[in-house]
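> with the input below, show me the fold.
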Amino acid sequence: ESSMFVSRRRWILKTCGKTTPLRCVRAVLQLAQETAGHSRVQNVFYSRREFARPAAQLKPHDNFDSEVELLDSFFGDGTAYIMGPEKDCWYLYTLLPLEGTVDALEKEREEDEDIGYSGTEPDQTIEILMSDLDPAVMDIFTRATSANAAEATKASGIDKLIPGMMIDDYLFDPCGYSMNGVAKDRGYYTIDEFFNDKVAWKHPAPLSALTR
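Numbers count the residues shown, from 1 in each chain. As a prediction, the model looks like this:
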């Protein structure tokens, strides 16, 4: 249940379970330079919730200190944050201090305008994690209830969340669901439904879309 989005200036990867996304950093940096000519990283944003099964994670994801150490080995002295109560805390690593992020995004917009690239507003991200959902609703995301991903997408109402999205969805066997959606205005969202009593929904979109 992984999702990847590639745009002109951003590469976004979302994974779950025992995957090891930070192990691909070196390869991604090399690929960005060789294929797109990007030799400088403007910012890095890595975040995750406290793992449901921390003891099962592989290095460097066995603890946050190891993750920070690896990221610093590539990007220098980043800034790490731990937010929230211990069992439900959220870990965050970024090259930019939180108070400097808005200025950096504004600079990026100005650089785009200088080269004639007309983009939308800087990326604004909402991440929602839910648990203990209605079993009757979760049944939609099983092969016993839905014949395919399109049926689950329609029955759950996901197809109506953001009108105009082009959706790529997948229904796992016997249960579980994943989808990615993209729009012409560069908006995108991704949803994963999985059956260890956790549901994650991540929806990055322009700020104006979130405030309407």
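> residue 18 versus the closest residue to residue 148 other than its chain neighbours, what's the distance?
Excluding the flanking residues, the one nearest residue 148 by C-beta to C-beta, 6 or more residues apart in numbering is residue 171, at 5.9 Å. Yep, even glycine has a C-beta here, placed from its N, CA and C like the rest. According to C-beta to C-beta, to the nearest Å, residue 171 stands 22 Å off from residue 18.
> just residue 86 next, same as before
Taking C-beta to C-beta, one finds residue 86 at 22 Å from residue 18.
> compare those two (neighbour count), which wins?
Neighbour totals were compared for residue 86 and residue 18, and residue 18 leads with 11 against 7 (other C-beta atoms under 10 Å).
> surely the more buried one meets residue 59?
No - between residue 18 and residue 59 there is no contact under C-beta atoms under 8 Å: 11.3 Å.
> phi, psi for the most centrally placed residue in the chain please.
The residue lying closest to the centre of the chain (C-alpha atoms, centre = their mean) is residue 14, at 4.3 Å. Per-residue torsions, residue 14: phi -130, psi 130 (degrees, to the nearest 10).
> and the helices in this structure?
25-36, 64-75, 101-114, 135-138, 149-156, 207-211 (DSSP state H).
> look at residue 188 and report its pLDDT.
Residue 188 carries a pLDDT value of 87.
> can you list the domains in the chain?
Per the record, the chain has its domains at 1-119, 124-212, by automatic domain parsing.
> and the gap between residue 14 and residue 40?
For residue 14 relative to residue 40 (C-beta to C-beta), the value is 24 Å.
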